[in-house]
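Asker: sequence plus predicted model, see below.
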Amino acid sequence: MLATATSLVKDLLTPNSLEYLNDERGLITKEMVKESLKCGRELSRAASKRGTQLAKNGVCLDASSPALFHFFSAKLSPEARKSAEVSHELLTATKLLQMKVCSSYDITPNTFMTCLEDQDIRVTDLSYCKPYKASYIKSKYRSIDGTSNNVKHPGWGRAGAPFSRIAAPRYSDGIYAMPLAVSGRPLPNPRTLSTQLFADRPIASRTLSYMNMQWGQFVTHDLLSQAMEVNDEGGIQCCYGKGRDVLPQEWQNDKCIPICIPEDDPFYKQHGVRCINFVRSVTTPRDDCSLGYAEQMNTVTSFLDGSPLYGSDPALASKLRERSGGRLKEKTKPGSKRGFLPMADTKTCDLRNASDPCYLAGDRRVNQTPTLAVIHTLLLREHNRVADILSSLNPLWTDEKIYQEARKIVIAEIQHITYQEWLPLNFGESYLRYYRIVPSALHSRDYNPDVNPGVVGSFAAAFRSLHSVVPDSFLTCPATYHCAYMYKLSDHYFNPALVESSCESLDDIVRGILMQSSAESDPYCTREITNLLFKLNNQWGMDLVAMDIQRGRDHGLASYNDYRETCGLKRAKSFQDLTGEIPQDRINALSQIYESVDDIDLFVGGIMEKSVKGSILGPTFQCIVAEQFYRTRIGDRFFYDNGEMPHSFTPEQLKEIKKASMARLICDNTDGVSYVQRKAFEMESAHNPKYSCTDYDAIPFVDLTAWKRPILELFFVPGLSFVQRELILFWKAFQETELWIKWFSPPDLGPTSLSTNGLL
Ligand code: HEM
Ligand SMILES: [Ca+2]
């Protein structure tokens with residue numbers, strides 16, 4: 001197969017097309033493009049076949065290995081797989097063009113990239129990219145996959161879109177090859193950086209709760225997910241079994257970028273591990289289908305739209321629905337009044353007993369830790385609670401109408417909690433107000449259709465720095481608050497059994513993560529994620545920090561110094577120029593590992609910075625995170641507080657939505673968590689005491705009566721006969737007698753339903 005590949009390249013490099021080189025249309029002619037596209041397609045198909053053949057020959061991951069579970073975090077829809085294939089073809093074509101032009105003209109790869117950009121070569125053949133049709137533009141509700149949010153650019157923010165860039169990439173060949181140091185030598189080993197710069201020093205935050213960290217991870221999963229390349233058989237293997245060594249080149253898939261572990265590694269040495277499996281992220285064609293450098297795919301919708309709950313693709317979204325009463329599917333459990341997440345049919349968990357749960361949700365990462373599964377469960381319950389209230393308020397509404405309205409309310413609550421409660425706490429209220437990131441008036445008119453709501457690739461690096469706030473274990477507390485057990489993260493990856501081990505266990509975990517603090521945001525990370533990530537029943541796991549660094553390189557993210565410039569800081573000419581932002585001892589450590597200040601990875605440099613006042617991040621990450629949350633709000637036509645649009649909430653409804661809080665979400669969706677601190681993302685203190693969930697002044701509730709549609713509307717429902725109207729009116733009158741409450745004894749819907757029932 002490799003032979004075919006070589007001969008194709010030779011074909012392309014034969015002089016028969018040289019006559020076009022001096023063509024006045026530019027350096028790159030149409031015929032050259034056509035030829036490279038043709039060869040690019042064949043070469044990339046050959047590479048994919050080779051990958052599958054390797055797997056068939058036994059080069060595939062061991063069951064129950066950490067690496068296999070790493071692959072369980074994202075799955076591509078058939079359309080996403082197709083886009084990934086096309087993008088390989090386009091990248092290979094770009095590479096072939098580069099080789100041809102550079103060898104013919106004796107120009108550098110960089111000059112070629114500039115010419116390519118100037119010529120702006122777009123592939124119009126529909127077998128590569130198809131334009132996005134705006135099919136949901138008129139809908140009052142968001143689409144599941146994020147399409148048609150933006151009327152002019154219906155593909156913006158969709159699942160499967162490319163990550164956006166705010167600084168030019170640093171692929172070493174300008175297209176897709178892993179970056180190198182300025183000197184041309186390899187960049188420092190990611191595992192060495194991890195052990196030398198990210199020690200395990202468990203420093204607890206004085207103010208922020210574990211819940212704060214957990215919500216952050218949920219928000220991350222709502223905004224983005226990269227997927228790793230797979231072959232037809234599944235995950236790609238890059239290391240020998242048990243991580244003994246890197247596989248020889250001839251057995252390696254071309255998507256492998258394994259992390260080599262130095263011989264003297266302080267942890268892996270004792271286990272004889274020399275290699276962490278790591279595979280490149282899936283890429284996707286650019287929005288304009290132009291030839292150029294690689295762009296990675298965001299497999300989920302980039303809007304903050306509850307996609308981890310509802311799914312980012314219509315097939316999954318449909319599977320998650322009950323198809324009655326607008327509800328999402330839930331599992332009932334004897335002894336518990338409230339539902340649990342439904343079970344996945346493919347087992348992507350590390351189950352120890354056949355009865356252990358393995359959940360299905362809108363996002364595949366749900367089973368990563370029990371505390372993440374708890375957040376999913378609270379939101380699932382919130383959806384069903386809201387749906388039940390809406391259907392009792394508006395008995396004529398169909399399943400579809402209730403589902404969409406409940407989804408709209410829950411998304412609005414997620415957005416409100418994130419923008420009004422979580423972001424200001426973590427990134428500084430005045431900063432966010434200054435940049436108009438958090439809304440202030442009741443309705444806002446800030447929507448700007450020219451702002452691309454897509455996720456910026458560097459935002460992933462900035463937010464990954466919050467891996468440092470992950471504590472090594474989590475606490476559970478019974479109703480007496482005699483909190484006792486500490487569960488090590490590494491004993492519970494991909495095993496959410498703890499969520500259902502008893503009728504009270506979910507409540508116990510919720511109390512625990514309210515009482516426990518998160519770790520400090522600093523360059524220290526627990527060994528639970530740097531040595532033992534996805535350990536399962538092995539003795540060692542993966543290193544998330546090394547993976548964060550390697551992933552930044554895989555995505556060709558510009559260097560820390562480039563981002564300093566993008567963010568308005570002075571570009572450093574020497575390590576010493578970093579003094580303003582990075583403490584001296586860390587500058588010393590950086591200068592001992594990196595050859596040049598221009599080599600520093602964004603993830604590493606950003607995390608080394610001192611925090612900005614009022615924020616948990618330093619200036620560079622603060623700027624990138626602000627940029628992202630600005631785009632996520634201003635570029636979302638359906639953002640919850642947008643006014644004067646056909647789908648806008650009424651002022652009465654919006655006033656209610658703005659009462660949502662993390663504390664109320666917990667109160668309304670647990671059985672026995674009766675006291676919660678008002679600011680659930682902060683630790684309980686004299687300034688932030690616990691209140692009873694029935695204290696509606698302290699922890700206000702969202703009164704859904706604002707969603708009750710007047711009965712008169714019935715007369716405008718087209719197609720209803722006189723008899724049907726009479727029957728409905730009779731039913732409404734019957735409801736008002738409250739007899740039905742006794743007869744049908746509806747489920748306990750919590751305080752909100754009590755107040756609304758009173759008005760029925
Ligand atoms: C126990 C807690 C957590 C675990 C086990 C975990 C694990 C992971 C893993 C395995 C990846 C993918 C690594 C890769 O292949 O490149 C990842 C990515 C990421 N994580 Fe975490 N994480 C945790 C908490 C958090 C938190 C608290 C945040 C932020 C507030 C966060 C932000 C991110 C981001 C932004 C990415 C990149 C996502 C992507 O590109 O798909 N994580 N995390
Ligand atoms: Ca989303």
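Answerer: Ah, there it is. Just so we're clear, the structure is a prediction, and the values are computed from it rather than from any experiment. Ligands and ions are numbered 1, 2, ... in the order given.
Asker: going forward, measure contacts and count neighbours with C-alpha atoms only.
Answerer: OK.
Asker: ok, the closest residue to ligand 2 within the stretch 1-150 of the chain to Asp636 distance?
Answerer: Using C-alpha to the ion, the closest approach of the stretch 1-150 of the chain to ligand 2 is made by Gly146 at 7.8 Å. Applying C-alpha to C-alpha, to the nearest Å, the value for Gly146 to Asp636 is 10 Å.
Asker: phi, psi for the residue nearest to the residue of the stretch 1-150 of the chain closest to ligand 2 when sequence neighbours are not counted please.
Answerer: Spatial nearest neighbour of Gly146, excluding adjacent residues (C-alpha to C-alpha, 6 or more residues apart in numbering): Arg158 at 4.2 Å. Per-residue torsions, Arg158: phi -70, psi 160 (degrees, to the nearest 10).
Asker: again, but for the one 4 residues further on
Answerer: Summarising the backbone geometry of Pro162 under the convention degrees, to the nearest 10, its torsions are phi -70, psi 150.
Asker: cool, Glu400 as well?
Answerer: In terms of degrees, to the nearest 10, the main-chain angles of Glu400 are phi -60, psi -50.
Asker: quick one: it and Ser143, what's the gap?
Answerer: For Glu400, the distance to Ser143 - C-alpha to C-alpha - is 13 Å.
Asker: so if I had to pick from the two, which one is more boxed in?
Answerer: Ser143 (19 against 15; other C-alpha atoms under 10 Å).
Asker: identify the residue spatially nearest to the more buried one, adjacent ones excluded.
Answerer: Using C-alpha to C-alpha, 6+ apart and skipping residues adjacent in sequence, the residue nearest Ser143 is Tyr136, 6.7 Å away.
Asker: one more: Arg323?
Answerer: Asp399 (6.3 Å).
Asker: does the one you found touch Gly326 like I think?
Answerer: Yes: with contacts defined as C-alpha atoms under 8 Å, Asp399 counts as touching Gly326 at a distance of 4.3 Å.
Asker: the residue in the stretch 651-760 of the chain positioned nearest to ligand 2: what's it in contact with?
Answerer: Residue nearest to ligand 2 within the stretch 651-760 of the chain: Met662 (18.9 Å; C-alpha to the ion). Met662 is in contact with Ile417, Lys679, Ala680, Phe681, counting by C-alpha atoms under 8 Å, 6 or more residues apart in numbering.
Asker: what about 6 Å?
Answerer: Going by C-alpha atoms under 6 Å, 6 or more residues apart in numbering, Met662 touches Ala680.
Asker: try the one 10 residues further on
Answerer: Gly672 is in contact with no residue at all, counting by C-alpha under 6 Å, 6+ apart.
Asker: what of Gly606?
Answerer: Listed by C-alpha under 6 Å, 6+ apart, the contact partners of Gly606 are Phe621.
Asker: did I read that right, it in a helix?
Answerer: Yes: Gly606: assigned to a helix according to DSSP: H, G, I helix; E, B strand; the rest coil.
Asker: could I get the pLDDT score of it?
Answerer: Model confidence at Gly606, given as pLDDT, is 98.
Asker: so which residues of the stretch 601-750 of the chain form strands?
Answerer: Assigned by DSSP state E, counting those that start in this stretch, the strands in the stretch 601-750 of the chain fall at 675-677, 690-692.
Asker: can you redo those strands as JSON lines with distance to ligand 1, mean pLDDT and mean neighbour count?
Answerer: Shown next, in JSON lines, are the strands of the stretch 601-750 of the chain (distance: least, C-alpha to the nearest ligand atom, whole Å; pLDDT from 0 to 100; neighbours: other C-alpha atoms under 10 Å):
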{"stretch": "strand 675-677", "distance to ligand 1": "21", "mean pLDDT": "97", "mean neighbour count": "22"}
{"stretch": "strand 690-692", "distance to ligand 1": "24", "mean pLDDT": "97", "mean neighbour count": "17"}
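Asker: in TSV, list those strands along with distance to Ala484.
Answerer: Below are the strands of the stretch 601-750 of the chain laid out as TSV (distance: least, C-alpha to C-alpha, whole Å):
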stretch	distance to Ala484
strand 675-677	18
strand 690-692	19
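Asker: among those strands, which comes closest to Ala519?
Answerer: Nearest to Ala519, of all the strands of the stretch 601-750 of the chain, is strand 675-677, at 19.1 Å by C-alpha to C-alpha.
Asker: that older thread, more neighbours, Asp399 and Gly326?
Answerer: In terms of neighbours (other C-alpha under 10 Å), Gly326 is the more surrounded of Asp399 and Gly326; the figures are 26 against 17.
Asker: sec struct for the more buried one, please.
Answerer: Under three-state DSSP, the three-state class of Gly326 is coil.
Asker: what segments of the stretch 351-500 of the chain are strands?
Answerer: 473-475, 486-488.
Asker: out of the ones you listed, which gets nearest to ligand 2?
Answerer: Closest of the strands of the stretch 351-500 of the chain to ligand 2 is strand 473-475, at 26.7 Å (criterion: C-alpha to the ion).
Asker: for that closest one, which helices and strands make contact with it?
Answerer: Other elements packing on strand 473-475 under the criterion 3 or more C-alpha pairs under 6 Å, 6 or more residues apart in numbering; DSSP states H and E are strand 486-488.
Asker: what residues of the next helix-or-strand element following the strand it packs on count as buried?
Answerer: Next in sequence after strand 486-488, counting helices and strands by DSSP states H and E, comes helix 505-515. Under the neighbour-count criterion of 16 or more other C-alpha atoms under 10 Å, helix 505-515 has Ser505, Leu506, Asp507, Asp508, Ile509, Val510, Arg511, Gly512, Ile513, Leu514, Met515 buried.
Asker: can you tell me the element the residue in the stretch 101-250 of the chain positioned nearest to ligand 2 falls in?
Answerer: As assessed by C-alpha to the ion, ligand 2 sits closest to Asp222 within the stretch 101-250 of the chain, at 4.0 Å. Following DSSP H and E, one finds Asp222 within helix 210-223.
Asker: does anything pack onto that helix? Which helices or strands?
Answerer: Judged by 3+ C-alpha pairs under 6 Å, 6+ apart, the packing partners of helix 210-223 are helix 505-515.
Asker: can we see that at 7 Å?
Answerer: Helices and strands touching helix 210-223, by 3 or more C-alpha pairs under 7 Å, 6 or more residues apart in numbering; DSSP states H and E, are helix 307-310, helix 505-515, strand 517-519.
Asker: which residues are contacting the helix or strand just after the shortest one?
Answerer: In this case it means strand 517-519. Remark: after strand 517-519, the chain's next helix or strand is helix 527-530, criterion DSSP H and E. Helix 527-530 is contacted from outside by Asp200, Asp472, Leu489, Ser490, Met542, Asp543, Leu544, Val545, using C-alpha atoms under 7 Å, 6 or more residues apart in numbering.
Asker: in helices, which of the residues you listed fall?
Answerer: Among those, the members found in helices (DSSP state H) are Leu544, Val545.
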